[in-house]
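Novice: model this:
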Amino acid sequence: MDNDDTAGSGERIDLLTEHAGEMADLVTQLRRLRSLTAAHSIDGDVTGATEALRRVADELESRATPSDLRIHARWHDPHVIGTNPVIGNINPIAPPLEPEVMPDGSIRAELTLGHEYHGPPGCVHGGVVAMVIDEMLGVANAVAGIPAMTVELDVRYHSTTPLGQPLVFTSRVTRRDDRKIWTEAELHAGDRLCASATGMFVVPRALAERMAAEEESRVTAEQVAGE
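Specialist: Numbers count the residues shown, from 1 in each chain. Reported below is the predicted structural model:
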């Protein structure tokens, strides 16, 4: 899979930016704290900072409305995208990944992972690599119009994945058979292949039936309009 295309040469996926605003700004500051506490030694007494953060957390908790977990069963719900642990821009544990659709239909994303994602010294945790790759495969499926759930994920680690260096993830759909989809991905650090993966995904039956009904309605409407 070619990873030579540069960042910005593809089309940003608009769905991933629907939660821009005050919450996204708040989460950006939380990511700063996440990085500082994971990767740095803080000089001096942190008691004052801890108390300040506790007051902020108490205030936000008092104003927060519990999330209705049932909404996460709804595909294409913007809240599901926004809180995704890989691409969600209102989830503080997300890097976040910002995929682009390339002219050939493949997906590409550049990402630098800091110490909060480390495994062995100087290296990204293998589980984090697998999580990001799984998301890249899922994005490729969704962009192709076939959102599906992971059934098999085969990740091969060709070398360590470095922390603090630009990484390039690429993915594409390779085959489809009814509700089953096969997708592949690669991860490079410069010219070095760090990991590759293949996945098999299945469109949930209820979703497949709904998509088929929507397509039938669309075709019927076009036929009526053409008469």
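Novice: A24: helix or strand, and which one exactly?
Specialist: Taking DSSP states H and E as the definition, A24 sits inside helix 22-39.
Novice: list the contacts of A130.
Specialist: L153, V155, A197 (CB atoms under 8 Å, 6 or more residues apart in numbering). C-beta here means a position set from N, CA and C on the backbone, and glycine is covered the same way.
Novice: and which of those residues is nearest V46?
Specialist: V155 (37.8 Å; CB to CB).
Novice: look at that closest one and give its secondary structure.
Specialist: Judged by DSSP: H, G, I helix; E, B strand; the rest coil, the three-state class of V155 is strand.
Novice: give me the pLDDT value at it.
Specialist: The model reports V155 with a pLDDT of 98.
Novice: give me the contacts around the helix holding A24.
Specialist: I42, L53, N89, I90, N91, P92, I93, G114, H115, E116.
Novice: mean confidence score for that helix?
Specialist: 90.
Novice: and the next helix or strand past that helix?
Specialist: Taking DSSP H and E, what comes next after helix 22-39 is helix 47-63.
Novice: so what's the residue count around A189?
Specialist: 17 (other CB atoms under 10 Å).
Novice: do the same with the one 10 residues further on
Specialist: Applying other CB under 10 Å, we find 25 other residues in the vicinity of G199.
Novice: quick one: contacts for it?
Specialist: D134, L137, T150, V151, E152, L153, D154, W182, T183, E184, A185.
Novice: lowest average confidence, helix or strand, in this protein?
Specialist: Across the helices and strands of the chain, the lowest-confidence element by mean pLDDT, DSSP states H and E is helix 78-82, at a mean of 70.
Novice: can you name the next helix or strand after that helix?
Specialist: Next element after helix 78-82 (DSSP H and E): strand 100-101.
Novice: each with direction, which strands does the next helix or strand after that next one pair with?
Specialist: Using DSSP H and E, the next helix or strand after strand 100-101 towards the C-terminus is strand 107-111. Sheet pairing of strand 107-111 (DSSP bridges) gives strand 100-101 (antiparallel), strand 167-177 (antiparallel).
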